[in-house]
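Novice: requesting a structural model of the entry that follows:
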Amino acid sequence: MKKQSPPFWVTNISNMNVTLTDLALNIPAYRTVNLMDTRHYQYTMGQLQKSASSGSIFKKRNKIVVRNIGPAISKETKPIDRETVIPSRNRSVFEIKEEKYEELEISDEALANENADFADLDNKPIFSKKG
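Specialist: Modelled structure (predicted):
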């Protein structure tokens with residue numbers, strides 16, 4: 001097993017992402033990270049202390065804060081009720097009503113006879129030039 005290195009927690013307290021140039025790292029807004037986590041980062045304690053004393057962590061100390069203690073992580077989960085009734089999707093709340101109107105039931109020939117008078121108006125210009 002590897003020896004556990006001491007943690008170096010850094011928190012971004014601003015609402016924008018902050019880039020630490022000497023570490024080539026971008027920390028998202030309101031995020032806390034352990035820079036000594038070997039699964040994600042490959043920094044030495046000397047690099048981090050130098051950055052905190054005179055590097056980019058020091059320059060951005062109004063946005064980045066070095067923490068002594070890491071954040072508390074709660075493993076508490078909410079219980080799941082397996083007996084909960086899930087409504088089926090077979091029925092809808094809305095009722096669809098189909099209505100038939102007699103005045104809309106007209107044959108194509110009757111509609112063509114009614115609109116035959118207007119067929120001549122399709123070819124006539126709307127505005128006429130009178131000079």
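Novice: pull out the buried positions in the longest helix anywhere in the chain.
Specialist: If you go by DSSP state H, the chain has its longest helix at helix 45-54. Across helix 45-54, burial judged by 16 or more other C-beta atoms under 10 Å covers Gln47, Leu48, Ser51, Ala52. From N, CA and C alone the C-beta is placed, and that goes for glycine too.
Novice: not counting sequence-adjacent ones, nearest residue to the first one?
Specialist: Okay, so that is Gln47. What sits nearest to Gln47 in space, not counting adjacent residues and going by C-beta to C-beta, 6 or more residues apart in numbering, is Leu23, at 7.0 Å.
Novice: identify the residues contacting that neighbour.
Specialist: Neighbouring residues of Leu23 by C-beta atoms under 8 Å, 6 or more residues apart in numbering: Leu35, Tyr43, Gln47, Leu48, Ser51, Gly55, Ser56, Ile57.
Novice: close enough to count as contact, the first one and Thr44?
Specialist: No. The pair Leu35 and Thr44 does not pass the contact test of C-beta atoms under 8 Å, sitting 10.1 Å apart.
Novice: which of those two has more neighbours?
Specialist: Per other C-beta atoms under 10 Å, whichever of Leu35 and Thr44 has more neighbours is Leu35, with 23 against 10.
Novice: check what pLDDT that one gets.
Specialist: pLDDT recorded at Leu35 is 93.
Novice: distance check, it against Ile64.
Specialist: Leu35 is 11 Å from Ile64, where distance means C-beta to C-beta, to the nearest Å.
Novice: what does Arg82 give?
Specialist: Taken as C-beta to C-beta, the span from Arg82 to Ile64 is 45 Å.
Novice: likewise Ala24?
Specialist: 15 Å.
Novice: for this protein, what spans make up the strands?
Specialist: 9-12, 18-20, 25-27, 32-34, 64-67 (DSSP state E).
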